[in-house]
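> sequence first, predicted model second:
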Amino acid sequence: MNSDSHSGGSHISTSPSPNPPPLPQPSATLLSSAKSRTRTKTKNSTAALNTSRTTIRPKISKKKSNPPPEFHDPPPQNTYPIPPPTVPFQIIRNSTQPQNHENAPETFVPSSHCHSRLYFVKSKGKVLNLEPPDVFTSTEIKSEVSERVKDEGLVSKNVRKNINLVGGNNFPDLNVKKAKYVGSEGNFVKLNINGYGRKKFAYKNKGRNFSSKLSKRQRFSSKSRESSSVRVGGENGDFDEEGLVLDVKCSEERLDFDTEFIEEAVVRVRNEASDENLVKLLKLTHGYDSFRNGQLEAVKMVLEGKSSMLVLPTGAGKSLCYQLPALVFPGVTLVVSPLVALMIDQLKQLPPAIRGGLLCSSQTVEEASETLRLLQEGAIKVLFVSPERFLNAEFLSIFSGSSRLSLVVVDEAHCVSEWSHNFRPSYMRLRASLLRGKLNAGCILAMTATATTKTLCDVMHALDIPHTNLIQSAKLRDNLHLSISMSGNRMKDLMALLKASPFSDIKSMIVYCKFQSETDMISKYLCDNNISSKSYHSGIPAKDRIRIQEMFCSNKIRVVVATVAFGMGLDKKDVGAVIHYSLPGSLEEYVQEIGRAGRDGRLAYCHLLFDNATYLKFRSLMHSDGVDEYAVNKLLSHIFASDKVSPKEVCSLVKESASRKFDMKEEVILTILTQLELGEVKYMHLLPQINVTCTLNFHQTSPAHLAAKDIIVASIMKKSEMKDGQYVFHIPSVANSIGIQALDLLNHLQSLKFKGEITYELKDQAFCYTIIDVPKDICSLAAQLTKWLGDIEICKVRKIDTMYNAASFAAKVCEKAHGCHKDEHTPCLQKKILEYFNGDADADERIQMDQNSSFLRADIKVFLRSNSQAKFTPRAIARILHGLASPAFPSATWSRTHFWGRYVNMDFKTIMEAAKAELINFVGKDLTYLE
């Protein structure tokens, strides 16, 4: 069965202070239908419009929403269709470029790349300039944009008064019509796995300047333009669980900001970061009258240059805590995020006064270079990147030796710690020695929504954040109604749950499952019972996933049955319920997923269907990433082989073949390589991953003639192997032979291809690295790495055990006191969650698994005899008996044996010990058989 890997990112949004004042009637004119393609004319709109561009507007429904109840958490979903703090893109074509109507919709590029193709820009408004003249600015850009704004003839508007809901999506009930999401329109995020359709990235608020004066007051007015989309691919590395596509759709709405007041407010905050000055700046930039719990303290600490650790629950407004400092600081704010969906979501939520952009692996070299140029010229104030970007030497060189990096924000900071529920190897690179030593970061802000005390200590130690600089609030919102029930037939119980109150009255809910096949089966079952439902997981085609998410966001389907892949980068505030069909892998995962309900502040219901069999199956999965010491030893021997070690030469390890050879998942190999680079002794230096095998064909000039005048082609000829008339060569080997970087070689091949000289194909994605030092004792190093990886495996098992204990206590042991009754267990579950996150839970509480079986040894002996042609390890045998696939023993082959999954209820370590004893008896005491 396929299971989507846990993404672990918590959605960044914000929520209001209680009892906000009512809003004045807005002056903007709303359109009632998306079918209309004409703009309501006003005295200032005609001059600002480019009549050559069409305008796409969302439909506006006649339905009005009820006023929100008074909650301490965010109020209900707004009926006023204010877009998030961003303005729509314009599609601009170079006038010298011939139009190709057939291919145009499929050819989109980021705003950073502006020649000969389509590109995206934001409003033609002028750029807010708060930096001193000598700090990181570009006068050419400002002057050019200034002329555009002058021609546009922008006029001023009053600042709207809003409550503190960062993102600007929630407002009290106004006498306006609610925007209706129709088709592909609407203001929400779309996700797509494969990132099809090349569209370049727009950097946020390009070309804005807030310095034009009108009636002695400077104002900014951004008008919505043509609706367009930005398609994004996934990041390389272990975060690329899904490529992601986001379409930014904005309604016809006007956002107005008094830029003279913003500039004055920023100056006042720079002079004195008092509560009063910060609240005034918040009001001008975001439109909110007050900060939420923890926000003001975090902002002030960052502005004082104190590196901080911020722990706020999902939906509490963590993003605002770096947005305001980014506006005040003279330099760049760098935001590190694990998923492209989260980066785009945060980019979209930047207030218009802050210019932002992102770097992504789906960009070409030229596009990324253009984005970096804009960064260096000061056209980007906030830059979003993935942790893999720190492998790029060109990127690091931009900040080294300068003071232009004011703040580094590490989002989902729990990924730094191997003891967290969602450890990411590439996050290990984010250490204070890199961020401060090489990038000269003035301040570090680490943010997370879920982290235990041990994880927090680990993250703060890695980032050199003092324990006194920890800002932490409650882990759970008080509008979540938690319930749990024992289930003998989960599908039948789920149907009964959905047809009973209160779930029968809820119009939007998510059902979380562990496996893809489960989501499809349950969704079909719900549809057969007249409950509108769709399944969502990474195995569904990209277009279908986009459509499903659109339908869910527009409330055209009631239930989404999803794996953990669903919910990242999605801010749907009116989700009324979250049902866990499967036991979450940890309390952190549970808290994150129930946090996607009730974000409008209304009471939301979270139910868990609990059974022991499912728990045992999931507990077994925690052992799927484990490794044996002999396998680690084989990997190290391969890496540090004497014939491969050469200083400064690029080495490669093809991911797929290495994974099969050493029976390790690719993510585990990356973890080991990262530890070899970042451990106490630096044995290697990791480089960006590339495809290392190239198959090349010559077309115009003969290979001999081209090689005579091109040293790179000559080296390729020497290093190539002829196969079916094609030249096949290893890219790092050719690059090493002539002393250039592999990326330079790839760029040269691309240049020859543009000239029509060659065509080529690349395959075999590989880890690339250079050897710095060779370990004196590989066996000792292998033992250390194996123990470290084993501790991580044990940590994962204990996390699901803790989740099981909390659920089991509520379902079986709870005496229904202190507010618990029937299946409702909010008080006792909250108590268990708080104890866990505070480190007060009983660490010695373990699940008792079966420790012996009279048939185990006999079955292993029969299994070995019937499969004598294969080379097994104790772990490989234990995996097969637990029903776990591995690279060298895939389920497609080994699930056919009747021993597959037979001992899933037995302790994994016990099976390994029995398998080791039987292997010794089978092959003798000489275990060279295993190698």
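Okay, I see it.

> and residue 307, how many neighbours does it have?
Residue 307 has 23 neighbours, counted by other C-beta atoms under 10 Å. Yep, even glycine has a C-beta here, placed from its N, CA and C like the rest.

> what of the one 5 residues further on?
For residue 312, the count of nearby residues is 26 (other C-beta under 10 Å).

> and the gap between it and residue 488?
Distance of residue 312 to residue 488, computed by C-beta to C-beta, to the nearest Å: 39 Å.

> do the same with residue 615
In this view, residue 615 and residue 488 are 14 Å apart by C-beta to C-beta.

> more neighbours, those two?
Ranked by neighbour count (other C-beta under 10 Å), residue 615 and residue 488 place residue 615 first, with 19 against 8.

> helix or strand for that one, just tell me which one.
For residue 615, the element it lies in under DSSP states H and E is helix 612-621.

> which SS class is residue 492?
With DSSP: H, G, I helix; E, B strand; the rest coil as the basis, residue 492 sits in helix.

> stretch 605-614: which residues count as buried?
By 16 or more other C-beta atoms under 10 Å, the buried positions in stretch 605-614 come out as 605, 606, 607, 608, 609, 610, 611, 614.

> then stretch 876-891?
Neighbour-count burial for stretch 876-891 [16+ other C-beta under 10 Å]: 876-889, 891.

> from those, which is closest to residue 804?
The shortest gap between residue 804 and any of those belongs to residue 882, at 17.0 Å (C-beta to C-beta).

> am I right that that closest one is in contact with residue 626?
No: taking C-beta atoms under 8 Å as the definition, residue 882 is not a contact partner of residue 626, at 11.0 Å.

> residues contacting the helix holding residue 615, please?
With contacts defined as C-beta atoms under 8 Å, 6 or more residues apart in numbering, helix 612-621 is touched by 3, 490, 514, 582-583, 585, 797, 800-801, 804, 847, 882-884, 904-905, 908.

> give me the buried entries from the residues you listed.
3, 490, 514, 582-583, 585, 797, 800-801, 804, 847, 882-884, 904-905, 908.

> which of the residues you listed fall in helices?
In helices, defined here by DSSP state H, the members of the buried ones among the contacts of helix 612-621 are 490, 797, 800, 801, 804, 882, 908.

> turn those into JSON lines, including pLDDT and distance to residue 426.
As requested, those are exported to JSON lines (pLDDT from 0 to 100; distance: C-beta to C-beta, whole Å):
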{"residue": "490", "pLDDT": "93", "distance to residue 426": "36"}
{"residue": "797", "pLDDT": "92", "distance to residue 426": "24"}
{"residue": "800", "pLDDT": "93", "distance to residue 426": "24"}
{"residue": "801", "pLDDT": "93", "distance to residue 426": "28"}
{"residue": "804", "pLDDT": "94", "distance to residue 426": "30"}
{"residue": "882", "pLDDT": "95", "distance to residue 426": "29"}
{"residue": "908", "pLDDT": "93", "distance to residue 426": "28"}
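
> quick one, phi psi at residue 459?
With angles defined as degrees, to the nearest 10, residue 459 sits at phi -70, psi -40.

> is it true that it touches residue 417?
Yes: proximity of residue 459 to residue 417 meets the contact threshold set by C-beta under 8 Å, at 5.3 Å.

> mutual contacts of those two, please.
Joint contacts of residue 459 and residue 417 (C-beta under 8 Å, 6+ apart) are residue 451.

> enumerate every residue touching the residue nearest to residue 645 when sequence neighbours are not counted.
When the adjacent residues along the chain are set aside, residue 645 lies closest to residue 771, with 5.0 Å between them (C-beta to C-beta, 6 or more residues apart in numbering). Residues in contact with residue 771 (C-beta under 8 Å, 6+ apart) are 639, 640, 644, 645, 646, 647, 649, 651, 683, 684.

> ok, and the most crowded of those residues?
Ranked by neighbours (other C-beta under 10 Å), the contacts of residue 771 are led by residue 639, which has 24 neighbours.

> ok, it to residue 769 distance?
Distance, residue 639 to residue 769, by C-beta to C-beta: 8 Å.

> about what we covered before: quickly note the distance from the residue nearest to residue 645 to residue 744.
Counting by C-beta to C-beta, the gap from residue 771 to residue 744 is 20 Å.

> picking up where we left off before, touching both of residue 639 and residue 769, which residues are there?
Joint contacts of residue 639 and residue 769 (C-beta under 8 Å, 6+ apart) are 651, 653, 684.

> other residues contacting stretch 807-823?
483-486, 583, 607-608, 610, 825-829, 832.

> would you reformat the buried residues of stretch 605-614 as a markdown table and include distance to residue 444?
A markdown table is the format used below for these (distance: C-beta to C-beta, whole Å):
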| residue | distance to residue 444 |
| --- | --- |
| 605 | 38 |
| 606 | 34 |
| 607 | 39 |
| 608 | 36 |
| 609 | 41 |
| 610 | 40 |
| 611 | 44 |
| 614 | 40 |
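
> among those residues, which are in strands?
Judged by DSSP state E, strands contain the following of these: 605, 606, 607, 608, 609, 610.

> quick one: the third one and residue 485 touch, right?
Yes: assessed by C-beta under 8 Å, residue 607 is found in contact with residue 485 at 7.2 Å.

> leaving out the residues flanking it, which one is nearest to residue 392?
Distance criterion C-beta to C-beta, 6+ apart; nearest residue to residue 392, sequence neighbours excluded, is residue 688 at 6.3 Å.

> packing partners for whichever strand or helix holds the one you found?
Secondary structure from DSSP H and E places residue 688 in strand 684-698. Judged by 3 or more C-beta pairs under 8 Å, 6 or more residues apart in numbering; DSSP states H and E, the packing partners of strand 684-698 are strand 650-654, helix 666-678, strand 726-730, helix 731-738, helix 742-754, strand 758-771.

> now do the nearest residue to residue 336 once chain neighbours are set aside, the pLDDT please.
Distances taken as C-beta to C-beta, 6+ apart put residue 410 closest to residue 336, at 5.2 Å, once the chain neighbours are dropped. For residue 410, the model assigns a pLDDT of 93.

> neighbours of residue 467, how many?
Residues lying near residue 467 (other C-beta under 10 Å) number 10.

> what's the distance between the closest residue to residue 655 other than its chain neighbours and residue 860?
Excluding the flanking residues, the one nearest residue 655 by C-beta to C-beta, 6+ apart is residue 666, at 4.9 Å. Residue 666 sits 29 Å away from residue 860, going by C-beta to C-beta.

> same drill for those two, tell me which one is more crowded.
Using other C-beta under 10 Å, the more surrounded residue of residue 666 and residue 860 is residue 860, with 27 against 16.

> residues in contact with the one helix or strand that one maps to?
Assigned by DSSP H and E, residue 860 falls within helix 856-866. Contacts to helix 856-866, defined as C-beta under 8 Å, 6+ apart, come from residues 872, 877, 880-881, 897, 899, 902-903, 906, 910-911, 914-915, 917-919, 921-922.

> so which of these belong to helices?
Short answer: the contacts of helix 856-866 in helices (DSSP H) are 877, 880, 881, 910, 911, 914, 915, 917, 918, 919, 921, 922.

> these, buried ones only, as a PyMOL selection?
Buried residues within these, by 16+ other C-beta under 10 Å, are selected in PyMOL with:
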select buried, resi 877+880+881+910+911+914+915+918+919
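
> what's the closest of the ones in helices among the contacts of helix 856-866 to residue 372?
residue 880 (49.0 Å).

> need the contact list for the nearest residue to the closest one once chain neighbours are set aside.
Of all residues not flanking residue 880 in the chain, residue 894 sits nearest, at 5.5 Å (C-beta to C-beta, 6+ apart). Residue 894 makes contact with 880, 885, 900, according to C-beta under 8 Å, 6+ apart.
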